[in-house]
Structures are given as structure tokens and as C-alpha cells.
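>>> I need the structure of the sequence given here:
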Amino acid sequence: MIIAVLGGGSGGHAMAADLALRGFDVKFYEVHEFEEDFAPVIRSGGIEITGVGRTGVAKLKKATTDIKEAVKGADVINVVTPAFAHETFYTRLAPHLEDGQIVVTHNGCFGSLQLSNILKGMKIDKDIMIGETSILVYACKKIAPGKVNMGGIKSMVSFATLPASDTSKALKVINALFPQFIPATNVLETSLENLNFVLHPPVMLLNAGRIEDTAGNFLFYINGVTPSISRVAEEFDNERIVVEKALGLKPTSTKEWLTKMYGSKGKSLYEVIQDTKPYHDPIGGKAPSSFAFRYITEDVPYGLVPIASLGNLLNVPTPMAKALIHIASVINQTDYWREGLTVEKMGLAGKTAKQIKESVS
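Reported below is the predicted structural model:
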């Protein structure tokens, strides 16, 4: 198969390198706005990967800033960007889609709904399958252009398509790339089961002084998560779970997901986090150096806001989510409610839980 990987960040580097080392023909794309940073990959035609799993120099079929060239003839197109870049990538990708392709967003963040709405708005009707994952399969960090360190690879990640009736068909192809992908009920489940939303904002916000004092010179989870901070994260996790139940889903707690993904053990969320091996990685496990980082700029507007917005729609209280959104907005002097992904922006406003579920089935 020919595989396209769109997005030149940490996740894109890790995925392109890992799949290339496994023998797939990989075409790697980054937007032209970051061409200078991406130039070393284009010149060398490869990516150096270190850490766990497959390591060495992975040779790519193509590295390019031409999206038409990147996706032409690709069997699977992987969008590997923060959620705030989804619209840019989807809009540029849409005119070049070909019948028979599968587009997978890692991680979802309601990306399937967004892509579907963009295709409708652009009047593009192609015989494609649209899918998404709950989270990126890799724990990784780009250490330089063309160089990435792999801290860990999850053993289980949920996947669904829009509509959900295509999930099993898509997995017959996708599992060749990612055998650890398992079917989710629908894309509501994949988008709401992202543990990044649960862990990143509370740990960032409750370590504000430490981050600003040390510029993130500590291990984010191992040093930054204390029993009290984990209780805040768990309280928000419980709100997320109630929202999922209101949508007729069968939610999995973040504590359970860490056990499934990494084999972590412990009686409490705090203990499970401390037992998660990739979180001990001295390269990928370091805390962000500032609040202008995706742990806030992605996870608050594209994670906490849609959960709280769905809560408002479904009459489910989400006081912890709203408190975290407000604190993040004050710290970054940004109105994340205005910028975030609300039910209005997702095209779900005014719908009942049953209607929402039917729209993705």
C-alpha cells in the first residue's frame, strides 16, 4: 500500500518513520508555511528515529509540501496534526481526494464531523471512508527536523468511521498498518475517549507556577501529577463519562485506558500514571515550557469545550470542565469558549441525544 502522512510534527515524523521501516511506501507532507523547517526531510528523503520500537533511518517514498503530490494514489491518508490545524489540512486535502481512499485523523477531536461538513460545503462527493482514532498510537517527540524519539507505542487504540457502518470495512485495511486498532461504537466515542483532554489541562493549569519558574524542566506526569492533581483530573473524567452515557455510549475511564494502552497498574489514577513507562521518558516526558502549547491550545478548545457544550445541550452538569476552560482562558488571555468547538460548530445544536447518535451511525 501507498500511505500518506500529513503533518510534520512529532506524530507525523513518528508515523512516517515507523511505517516506512515496516516496509510501506510512505509519502510525507507538511504545509508550505513550514517548508524551511521541513527542508531537511525533503533533502534527505528520510527520518531518523530513536527510542523504543524500530529505530534507524527510515527512507520515504516522498517528502513534499505539495499536497496533491502527497495524496495522489495513496490508499490511506493519515492526518496527524493538532486539532487546531484540522480545518487547514482538510480544506487543502479535499479537492485532491480520490475514490477508494481512506482518510484517518489521529486523534479525532471530532475531526470526522468537521471533514464531512467541509466536503459538503465544498460540494465534493467522493467514494471515500472517513475515520478517526481516540488518540495517537505513538508517544513521541520530534527532537529536530527529520529526527524523532519514540517513547512508547500503545497496545490498544479505538477507531471508528463516519458513518459507523463503515468501521469494520475500514479496519480490514487499517489493521495492516495499526493492528492495535479496535472498533469503537462511533466517532462520538473516539472523540470523547481522548485521555489527553483529561490529563493535559488539569496538570498544566495546576502546575502553572512550576512551569513558569522552570520553563518545564520536570517530567510532566511523574513530577507534575500529585494525588490531589490526579483527583481533579478524575473529577473531570467523571463528567466526561456522564456525557458519554447521555449519548448512549459505554465509556471507559482514563485509568482503564492507561491500563489497556500501556499495561500500567495501580489502584488509583495517580498510581496508574506513575506506573506508565513512557511517562518516565526523559526526552518525550518533559513538561511544556509555556502555556502556548497544544496541551492547552488544542485540548481546551477541542476537548474541554465540546464536552462542556455537549453537557449544556444534554443537561449534564460539567462544572470542572467549565472551571478549567475559564482558568485556561484567563492564563492565555484567550476566549476558548468563543474559539472552541461547540455543538453549533459541529452541527449538533438543537438535536436530542438520539438524533446525535443516529447522525453518526
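>>> every contact and neighbour count from this point should use C-alpha atoms.
OK.
>>> may I have the secondary structure class of the residue nearest to the spatial centre of the chain?
Among the residues of the chain, the one closest to the centroid is residue 107, at 2.6 Å (C-alpha atoms, centre = their mean). With DSSP: H, G, I helix; E, B strand; the rest coil as the basis, residue 107 sits in coil.
>>> residue contacts, it?
The neighbours of residue 107, taking C-alpha atoms under 8 Å, 6 or more residues apart in numbering as the test, are 80, 132-136, 191, 194.
>>> next one: residue 289
Going by C-alpha under 8 Å, 6+ apart, residue 289 touches 211-212, 214-217.
>>> just the pLDDT for it.
Note on residue 289: pLDDT of 97.
>>> next up, phi/psi of it, please.
Torsion angles at residue 289 (phi, psi; degrees, to the nearest 10) stand at phi -90, psi -10.
>>> kindly report the same for residue 46.
Main-chain dihedrals, residue 46, degrees, to the nearest 10: phi -150, psi 170.
>>> contact partners for residue 299?
If a contact means C-alpha under 8 Å, 6+ apart, then residue 299 has 196-197, 200-201 as its contacts.
>>> what's the lengthiest helix in the chain in contact with?
When the chain is parsed with DSSP state H, its longest helix is helix 227-246. By C-alpha under 8 Å, 6+ apart, the list of residues contacting helix 227-246 from outside reads 189, 192, 198-199, 202-203, 206, 250-254, 269-270, 307, 310-311, 314, 316-318, 320-321, 353.
>>> again, 7 Å this time
Contact partners of helix 227-246, identified using C-alpha atoms under 7 Å, 6 or more residues apart in numbering, comprise 198-199, 202-203, 206, 251, 253-254, 269-270, 307, 311, 314, 316, 318, 320-321, 353.
>>> helices - which of those land there?
With DSSP H as the criterion, helices contain 198-199, 202-203, 206, 254, 269-270, 307, 311, 314, 320-321, 353 from among those.
>>> between those, which is closest to residue 174?
Set against residue 174, the nearest of those by C-alpha to C-alpha is residue 254 (24.4 Å).
>>> pull the number of nearby residues for that closest one.
24 (other C-alpha atoms under 10 Å).
>>> just give me the neighbour total for the closest residue to it other than its chain neighbours.
Closest residue in space to residue 254, ignoring its immediate chain neighbours: residue 195 at 5.7 Å, by C-alpha to C-alpha, 6 or more residues apart in numbering. Per other C-alpha under 10 Å, the neighbour tally for residue 195 reads 20.
>>> in the stretch 51-200 of the chain, where is pLDDT below threshold?
Across the stretch 51-200 of the chain, nothing is flagged by pLDDT under 70.
>>> show the residue spans covered by the helices in it.
67-71, 86-93, 111-121, 167-174, 187-192, 195-206 (DSSP state H, counting those that start in this stretch).
>>> run the chain-centre distance for the second one.
Pointing back at helix 86-93 there. Its chain's average C-alpha position is 15 Å from that of helix 86-93, according to C-alpha atoms, centre = their mean, to the nearest Å.
>>> tell me the angle that helix makes with helix 111-121.
Orientation check (axes from the mean of the first three to the mean of the last three C-alpha atoms, to 10 degrees): helix 86-93 against helix 111-121 gives 40 degrees.
>>> what is helix 86-93 packed up against?
helix 111-121 (3 or more C-alpha pairs under 7 Å, 6 or more residues apart in numbering; DSSP states H and E).
>>> and the helix it packs on, C-alpha only, in PDB?
Output in PDB follows, covering the C-alpha atoms of helix 111-121 (Å, rounded to 0.1, in the frame of the first residue of the first chain):
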ATOM      1  CA  GLY A 111     -12.400  15.700  13.100                       C
ATOM      2  CA  SER A 112     -14.600  13.300  11.100                       C
ATOM      3  CA  LEU A 113     -17.600  15.500  11.600                       C
ATOM      4  CA  GLN A 114     -15.500  18.600  10.600                       C
ATOM      5  CA  LEU A 115     -14.200  16.900   7.500                       C
ATOM      6  CA  SER A 116     -17.600  15.700   6.500                       C
ATOM      7  CA  ASN A 117     -19.000  19.200   6.800                       C
ATOM      8  CA  ILE A 118     -16.100  20.700   4.800                       C
ATOM      9  CA  LEU A 119     -16.700  18.200   2.000                       C
ATOM     10  CA  LYS A 120     -20.400  19.000   1.900                       C
ATOM     11  CA  GLY A 121     -19.700  22.700   1.900                       C
END
